[in-house]
Structure formats: structure tokens, C-alpha cells
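Chemist: using only what follows, build the 3D model:
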Amino acid sequence: MSSPPARPRAFHFERILIGERWERDVRLEVDDGGHIAAVEPGGRPEGCERVVGWTVPGVPNVHSHSFQRALAGLAEGGGPGSFWSWRDVMYAFVDRLTPDDLEAITAQLHVEMLKSGFTCVGEFHYLHHAPGGVPYEDPAEMSRRILEAARISGIGLVHMPVVYETAGFGGEPLEGGPRRFGMDLEGVARLCESLGGRAPGQGIRTGLALHSLRAVPRETFGRLAEFLPALASKGAGAAPVHIHVAEQRREVRECLERLGARPVEWLLDHAPVDRRWCLVHATHVDDHEAEAVARAGAVVGLCPTTEANLGDGLFPLGAFAVRGGRFGIGTDSHVSRSPVEELRLLDYGQRLTLRRRSVLGDVTSGDAMAGDATARESALAGAGGRLLAHAWRDGCRALAWDGGSVAIGLRADLLVLDAEHPALAGRTANRVLDSWLFSGTDNPVRHVMVGGDWVVRDGRHAREEEVRLAFARTVRRLPERL
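Modeler: Numbering: from 1, shown residues only. Now for the predicted structure:
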């Protein structure tokens, strides 16, 4: 005899952001797949778990190299340095990592992300093989370790194996550390197929990444139009496509010399770039390229703390946004693991460059400070709200992730902000998001829900101690190997 279908889990939220407005006393039901089945403002609390605080959608992290969490702080040596000298340190570091190391580092990273407010992450995964480029007995070994770390932590994951074929615009072969990264389109397809039903599911999905124009030959780009539908049939669905592009001025110069065009310009002319694509960094774009990216509907994946750490430069966000451009945020090398820090640095960099405070449009004026203006004014009107609106909407689009808002059919990925935290105490509804982003470094995220399950309660992850100990054992060994 079959068991009766499970009843939806029910929650009663004191205050929750629905669209652009805060609603009070909202009954929300979550189905077995982790999606919102019902939303009822003013709903009755009977049979519900009561949730107190300001509840908002979880933030998607569009760009991660999880192994680099253990590298943070090890490439800050003397001398002028550059992205390219940092890359040499990264190559030496990555040549020592084992599958066990990768799983331990990734799980620690995921716990830290969850506690700060990220509820899903796009893993741009190019650490495919053993040292020397020899495939593991299971070619998907390293991918499976990323998936296992996500299962340990409970974070949502979009796993994107990377095509990485050459070491430069001239088609130079991979040598040294990068030999571990080597994979072509067929290899990515086989990897996704081998993951099979273990990858697509309630909280883990797959996509495609192309490392960069210097690591992927032009003929590969010519095959994408027919390859992407085939990849979707192997379990990736409407797979997102991510690529590093125009991160460094040297990259722009070399692309002009070798390919006769600027990186983003060349990409748009030679690849089927559309709303499925995320152009990571795109730091050095001109006005023509920014206009073309916005017109294509692609999302730009900005990683402000990494871009600052590496001295990349600043993306022209204001000009891009005016054109209707879409952008999400990522943590890339994980010198930060906080959506607040990424968004705040993104905004402050633009303020310093433009020498004005309003980057994404004028802040709503009026007497909002005088009382609760919930019924009359958008909660997204301020600088923090506008930044978060992009991070939620465009970040989910970049990952093909059905979240970023509170609505029936979307994932129940939610954050509960502590209304009594010093950053938020006494704030009226239209000031909460601005205060979260622009009032210091203390973290007011109290609870985190992913797919309807609590993964952080009262600021703690249930498995954070065992994850921390495994991470500590790993990183204590790594300096000896370096």
C-alpha cells in the first residue's frame, strides 16, 4: 500500500519581502521539491512554524572556484605583483590538491557562504585531473567531491565543468599545473553524462563553462550552437554558459593582436551569446561592447573583492545599467565570502570613480524617515535595495536558478535578518535593505533556508564544527606541500 503524499511544510513569517514590498504575517507552504506551494499574506498561523525577523530571498553567487578558498592570503607577497604573478602562485598551489582536500575546502567555503547569505553557488570547475594531467580512475572524481560538499552543507549548486584546451591565444599546449585543467567539449559532455541523476535534482544542477578566449580555440566556439542542445539532452537542461572575459588589460591587448578584436566584441561575433550566458568580469569593455552585451540579454558576473585583490580594474557599472544591463555577483577567489561585502565594494568603487553617491539611479526622496511607509514605497528604492534586486534577479538568471523572489513555484531559498541586530534595530521597512548593506561588517543573517530546509539556525550551521576541523587538517598540510 502506497503511503499518502507528504503535506507541505508550513511557515508563518512575521515580515517577508514579496516583490518590492514587505508583507506581514505571511503563511508560506513548501512542497517536497523545495518549492513554494502557497503564499498567503495575513494568513493564519495555526499549524505553522513561526519565523520572526525580516525575511528576504537568498542571494545567488554566480562565480566560484572553491579550491581557492584555501589560497586566500597566500599570494600577497612583496613586489609589485599582478594578476599574472598571482596566477603562478595559484598554479603551484593547485598542483598539490587531492580529492579529499578539495572536498574539505569546498564544504568549509559553502558553510561560510550560507552563514553570510548566499543560498546557491555557480561552481566554475576546472580542476579536473590528477597532477600532471592524468585522469582519475573516475574522470568525474573531482566533480563528485564538489557535489558531496554541497550535500554536506545543503547549499544550492550549479556545477559547471570547464572547457580548457590551450595556454594562450596562440594555441600553446598546457604545461605544469594547468595540465590538471585540460578538457574539451566532448569531455565536458561525458562528465555531465557520468554524473547522471546524481547532479540534476532539488538542489544540484549542471551547466557549461568556457575558461576564456585564451584557453578555448576559436573552432570550439564555432561548434557551440550545435553542442549546447546536445549538452541539454545529457542532463544539463537549459544549461547556463559562463566564461571569463576581458578581466585584464593585457588580455585585451593580446586578443587584439591575435584575433583582431577586443575580447567581448570577438565573443559576441563568434559565439551564440544570449540570455543563458554569463560574462564573468568583463572589466575592460568599451561603450559599444557594453551596449551589445545588454542587447544580447547576457548577465555580467562581477566579483568585486577578487577584482580589487588582483588589481583588475572597475567595470563601468553605471553606463551598463543605464543601457538595461544585467549583473550578478560572485566571490571568485573567496578573499570574501559575503554578498554584503561584494555589493558594498561594487557600489563604493563606482562612487569613487564617478564621484557621486547614486550609481544605479536616484534614491527615492520624501519623508520616508517619518514612520513606516511599507504600503506606499518600494522596499527596493534605496541603493541597497537596487543592488540586491540585481543580485537576486540577474544572479538567478545567470545560473538558470528558479529563485530570487518569494512566489509560488520558485524555490524556498530564504534569509531571516535579525530585527534586533544593531544594524537593523529600529529601522523602518523601507530602510532595512540599505541598513543591511551599508551599516558595518557585523552579520545580521540569523537563519538560512535552502529548498525549504533550515541549514543555518541562530547563526550556526549544524555541521560547521566537523567541517571546520576537516578544513583545518587540510590547510595545515598544504603549506608543507608548497
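
Chemist: is Val52 in a helix, a strand, or coil?
Modeler: strand (DSSP: H, G, I helix; E, B strand; the rest coil).

Chemist: ok, now which ones touch it?
Modeler: Contacts here follow C-beta atoms under 8 Å, 6 or more residues apart in numbering; on that basis Val52 touches 14, 416, 419. The way it works is simple: take the backbone N, C-alpha and C, and place the C-beta from them, glycine included.

Chemist: now render the residues you listed as TSV, adding pLDDT.
Modeler: Converted to TSV, the contacts of Val52 look like this (pLDDT from 0 to 100):
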residue	pLDDT
Glu14	98
Val416	98
Ala419	98
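
Chemist: out of those residues, which are buried?
Modeler: 416, 419 (16 or more other C-beta atoms under 10 Å).

Chemist: so which of the contacts of Val52 are in strands?
Modeler: Of these, the ones assigned to strands by DSSP state E are 14, 416.

Chemist: which one of the contacts of Val52 sits closest to Ala294?
Modeler: Val416 (34.2 Å; C-beta to C-beta).

Chemist: in the stretch 51-200 of the chain, what residue spans correspond to helices?
Modeler: Counting by DSSP state H, counting those that start in this stretch, the stretch 51-200 of the chain has helices at residues 83-94, 99-116, 141-153, 185-195.

Chemist: cool, and the stretch 201-350 of the chain?
Modeler: If DSSP H, counting those that start in this stretch is used as the criterion, the helices of the stretch 201-350 of the chain fall at 218-222, 224-231, 249-259, 263-270, 287-296, 304-309, 317-322, 339-354.

Chemist: the fourth one to helix 287-296, inter-axis angle?
Modeler: Here helix 263-270 runs at an angle of 50 degrees relative to helix 287-296 (axes from the mean of the first three to the mean of the last three C-alpha atoms, to 10 degrees).

Chemist: and if you look at the second one?
Modeler: Using the same axes, to 10 degrees, the interaxial angle of helix 224-231 with respect to helix 287-296 works out to 40 degrees.

Chemist: buried residues, helix 224-231. List them.
Modeler: For helix 224-231, the neighbour count (16+ other C-beta under 10 Å) marks 224, 227-228, 231 as buried.

Chemist: cool, and the longest one?
Modeler: In terms of neighbour count (16+ other C-beta under 10 Å), helix 339-354 has its buried residues at 339-347, 349-350.

Chemist: which helices and strands does that helix pack with?
Modeler: Using 3 or more C-beta pairs under 8 Å, 6 or more residues apart in numbering; DSSP states H and E, the elements in contact with helix 339-354 are helix 304-309, helix 317-322, strand 326-329, helix 383-399, helix 432-438.

Chemist: pick the most deeply packed of the helices of the stretch 51-200 of the chain.
Modeler: The highest mean neighbour count among these, using mean count of other C-beta atoms under 10 Å, belongs to helix 99-116: a mean of 24.

Chemist: run the chain-centre distance for that helix.
Modeler: Distance of helix 99-116 from the chain centroid (C-alpha atoms, centre = their mean, to the nearest Å) equals 14 Å.

Chemist: residues in contact with the nearest residue to Pro99 once chain neighbours are set aside?
Modeler: Leaving aside its chain neighbours, Pro99 sits nearest to Arg145 (5.0 Å; criterion: C-beta to C-beta, 6 or more residues apart in numbering). Shown in contact with Arg145 (C-beta under 8 Å, 6+ apart): 99-100, 102-103, 106.

Chemist: could you do Ser405 as well?
Modeler: Contacts here follow C-beta under 8 Å, 6+ apart; on that basis Ser405 touches 18-19, 57, 392-393.

Chemist: on that earlier part again, closest one to Arg250 among the helices and strands packed on helix 339-354?
Modeler: Per C-beta to C-beta, nearest to Arg250 of those: helix 304-309, 14.8 Å.

Chemist: contacting residues around the closest one?
Modeler: With C-beta under 8 Å, 6+ apart as the criterion, helix 304-309 contacts 247, 281, 283, 312-315, 329, 331-336, 341-343, 345-346, 349.

Chemist: report the central residue of the protein.
Modeler: Asn61 (1.7 Å; C-alpha atoms, centre = their mean).

Chemist: so that one makes contact with Met113?
Modeler: Yes: between Asn61 and Met113 there is a contact under C-beta atoms under 8 Å: 6.2 Å.

Chemist: and stretch 451-471, what's its mean pLDDT?
Modeler: When pLDDT is averaged along stretch 451-471, the result is 98.

Chemist: let me fix that, I meant to ask about stretch 35-45.
Modeler: 96.

Chemist: same thing with stretch 93-109?
Modeler: Stretch 93-109 comes out with an average pLDDT of 95.

Chemist: how far does it sit from its chain's centre?
Modeler: Worked out by C-alpha atoms, centre = their mean, stretch 93-109 lies 19 Å from the chain centre.

Chemist: need the contact partners of that stretch.
Modeler: Residues from elsewhere that reach stretch 93-109, judged by C-beta under 8 Å, 6+ apart: 64, 66-67, 69-71, 74, 127, 131, 136, 141-142, 145-146, 148-150, 152-153, 176-177, 180, 334, 337, 467-468, 470-471, 473-475, 477-478, 481-482.

Chemist: one more time with 7 Å, if that's ok
Modeler: Residues external to stretch 93-109 that are found in contact with it (C-beta atoms under 7 Å, 6 or more residues apart in numbering): 66-67, 69-71, 74, 127, 131, 141-142, 145-146, 148-149, 152-153, 177, 180, 334, 337, 467-468, 470-471, 474, 478, 481-482.

Chemist: which among the residues you listed count as buried?
Modeler: Buried, going by 16+ other C-beta under 10 Å: 66-67, 69-71, 74, 127, 142, 145-146, 148-149, 152-153, 177, 180, 334, 337, 467-468, 470-471, 474, 478, out of the contacts of stretch 93-109.

Chemist: just the terminal-to-terminal distance for stretch 418-437.
Modeler: End-to-end distance for stretch 418-437: 14 Å, by C-alpha to C-alpha, to the nearest Å.

Chemist: for that stretch, buried residues please.
Modeler: Within stretch 418-437, the residues scored as buried using 16+ other C-beta under 10 Å are 418-419, 421, 423-424, 427-437.
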